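>>> Turn this into a structure:
(2 chains)
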Amino acid sequence: MIERLVDSFLNPVVLEASVPYLVRGLLVTLEVCALVIPLGIAGGLSLALAYRTRSRLWRGLLIAFIDFFRAFPPLVLLVFVFYGLPFAGIEIGSLAAVTIAFSLNTSSFYGEIFRAGIESVDRGQWEAARATGLGGFRTTTAVILPQAVRNVLPDLIGNTLEVVKLTSLASVVALPELLRMARVSQGLTYNPTPLVVAAGIYLVLLWPFVRLLSLMERRLAVTA
Amino acid sequence: MTAFLHNFVNPEVLQVALPLILEGMRVTLLLTASILPTGILAGLALSVLRTRQSRFLNFFIVVFADVFRAVPPLVILILIFFALPYLGVQLSGFAAAWLGLSLVLAAFSEEIFWAALTSVPRGQWEASRATGLGATATLRRVIFPQAIRLAIPPLTNRAIAIGKGTALASVIAVPEILNHATNVQAQTANPSPLTLAALAYLALFLPLVVASRWVESRFRWKR
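Okay, here's the model as predicted:
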């Protein structure tokens, strides 16, 4: 029984054959993260800062944008961008499609988090900073944002974790990331070991953040 | 512009796709409706078990919650659907999606309920035990009503995320919205079904996302 389990799920021969595939896949996964996370944070921050406008119309439009992409399943968005855009005459590769779809999706989640963070900072902070002679830009970057980010840090980490997990959807449009390479390797060897190892790699990569998040949430709960 | 309309809202293709997308919506709703109770109740049960403070049990609960929060749901669905058969367990796509997403939701709900339960001050436990209530009655009548307030907003968001996550089931051939849409798109070489699928998802989830804003302000913890 144990032998059969090992043979199917942690087969050493299959493992050895699949390592090069999995390593290449992991590198592509990290590459996608390195593109989507900064773009998502930049987009989210822009949305949140734009939300401070006094115009009710603009605020409404920004919320509509954020909610639209929060309601849209990221896989559906990705399939739409990848299979739909070529029909509009825009030919793009899978990496570009993944970057566009996931940046839109994650910007709106980051945007909502940053918005809540900025709102959690007392108005008096803004007024006091301006009264000491700081300009609007310096007040935002040196006084408001550091406090805003601290207040929503668990949510920011949690969302970043979700983005890394999200990249596995890129396998659906044949981007050779970790899950895709594991499936290719599984297809070649008729053995699910590569899938189990890929799951293990995600676990090793993300487990520290999951733990950190639990600890942070607990600490917040105690101080609340 | 006419080329654009021809490609993205082609009336003939839409006519073929509409009944299938509607059927897909039924499956998406059915799948979501089966996952939510199992996932949330399992998470609640685990968090209550965790209050028993058994080191042995808690170790397994924490490992379970960590694993299913760290591994991407698509990887879990693919493992269940494509790897379990090697153990002689062959689940249908629907059953695999239900099991996989229920496990993920259970892991997240366990953490949400646990964080909420531990946020209730210890004095509440001690006071209600001192009045003669048993451990179960204390949990049910004193701790839980206070904790649930804190758990509802994150639980709502997670439930929406899981509902949207049912689109992943299209990868393991569950005939939900996205699966039907990509099939019709492939047959007709026209992306209009995707437009329809997008509208179907927005019709299902946009009201929930808007409602979640209300839930968040309604249950906000006043500091």
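>>> who's in contact with the residue minimising distance to the centre of chain A?
Of all residues in chain A, the one closest to the mean position by Cα atoms, centre = their mean is A:Val163, 1.8 Å from it. By Cβ atoms under 8 Å, 6 or more residues apart in numbering or on different chains, the contact set of A:Val163 is A:Cys33, A:Val36, A:Ile37, A:Gly40, A:Phe102, A:Thr106. To be clear about C-beta, it is placed using only N, CA and C from the backbone, and glycine gets the same treatment.
>>> near chain B, which of those residues show up?
Checked against chain B using Cβ under 8 Å from any Cβ of the partner chain, the contacts of A:Val163 yield no neighbours at all.
>>> send the alpha carbons of the lowest-mean-pLDDT helix or strand in chain B over as CSV?
In chain B, no helix or strand scores lower on mean pLDDT, DSSP states H and E than helix B:2-8, which sits at a mean of 84. Once non-C-alpha atoms are left out, helix B:2-8 reads as follows in CSV (Å, rounded to 0.1, in the frame of the first residue of the first chain):
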residue,chain,number,x,y,z
THR,B,2,-19.5,46.6,-37.2
ALA,B,3,-16.6,44.1,-37.1
PHE,B,4,-16.4,44.6,-33.4
LEU,B,5,-20.1,44.0,-32.9
HIS,B,6,-20.0,41.0,-35.2
ASN,B,7,-17.2,39.5,-33.1
PHE,B,8,-18.4,40.4,-29.6
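>>> The next helix or strand along the chain from that helix near chain A at all?
The helix or strand immediately downstream of helix B:2-8 is helix B:11-50, counting by DSSP states H and E. No: Helix B:11-50 lies out of reach of chain A by Cβ under 8 Å from any Cβ, never closer than 9.7 Å.
>>> pLDDT below threshold where in chain A?
A:219-224 (pLDDT under 70).
>>> about what we covered before: mind checking which of the contacts of A:Val163 land in helices?
The helices, defined by DSSP state H, take in A:Cys33, A:Val36, A:Ile37, A:Gly40, A:Phe102, A:Thr106 from the contacts of A:Val163.
>>> Look up how far A:Val28 lies from the residue nearest to the centre of chain A.
15 Å (Cβ to Cβ, to the nearest Å).
>>> still on that earlier bit, so what's the gap between the least confident helix or strand of chain B and the chain middle?
Distance of helix B:2-8 from the chain centroid (Cα atoms, centre = their mean, to the nearest Å) equals 35 Å.
>>> quick one: buried residues of that helix?
B:Asn7, B:Phe8 (16 or more other Cβ atoms under 10 Å in any protein chain shown).
>>> ok, and for stretch A:99-110, which residues are buried?
Of the residues in stretch A:99-110, A:Thr99, A:Ile100, A:Ala101, A:Phe102, A:Ser103, A:Leu104, A:Asn105, A:Thr106, A:Ser107, A:Ser108, A:Phe109, A:Tyr110 count as buried by neighbour count, 16+ other Cβ under 10 Å.
>>> What is the end-to-end distance of stretch B:168-182?
13 Å (Cα to Cα, to the nearest Å).
>>> what about the closest residue to B:Pro191 other than its chain neighbours, which SS state?
Nearest non-adjacent residue to B:Pro191, counting by Cβ to Cβ, 6 or more residues apart in numbering or on different chains: A:Gly84, 4.3 Å away. In three-state terms, and counting by DSSP: H, G, I helix; E, B strand; the rest coil, A:Gly84 is helix.
>>> Make sure A:Gly84 is actually in contact with B:Ser192.
No: A:Gly84 lies out of contact with B:Ser192 (Cβ atoms under 8 Å); the separation is 9.4 Å.
>>> got any ranges where chain B has weak pLDDT?
Ranges of chain B meeting pLDDT under 70: B:220-223.
>>> rerun at 90
B:1-9, B:51-53, B:86-88, B:118-119, B:122, B:125, B:135-136, B:149-150, B:216-223 (pLDDT under 90).
>>> any idea where the helices of chain A begin and end?
Secondary structure of chain A (DSSP H): helices located at A:2-9, A:12-50, A:56-71, A:74-79, A:94-120, A:123-131, A:136-138, A:145-151, A:153-166, A:178-189, A:193-223.
>>> I am finished for the moment; much appreciated.
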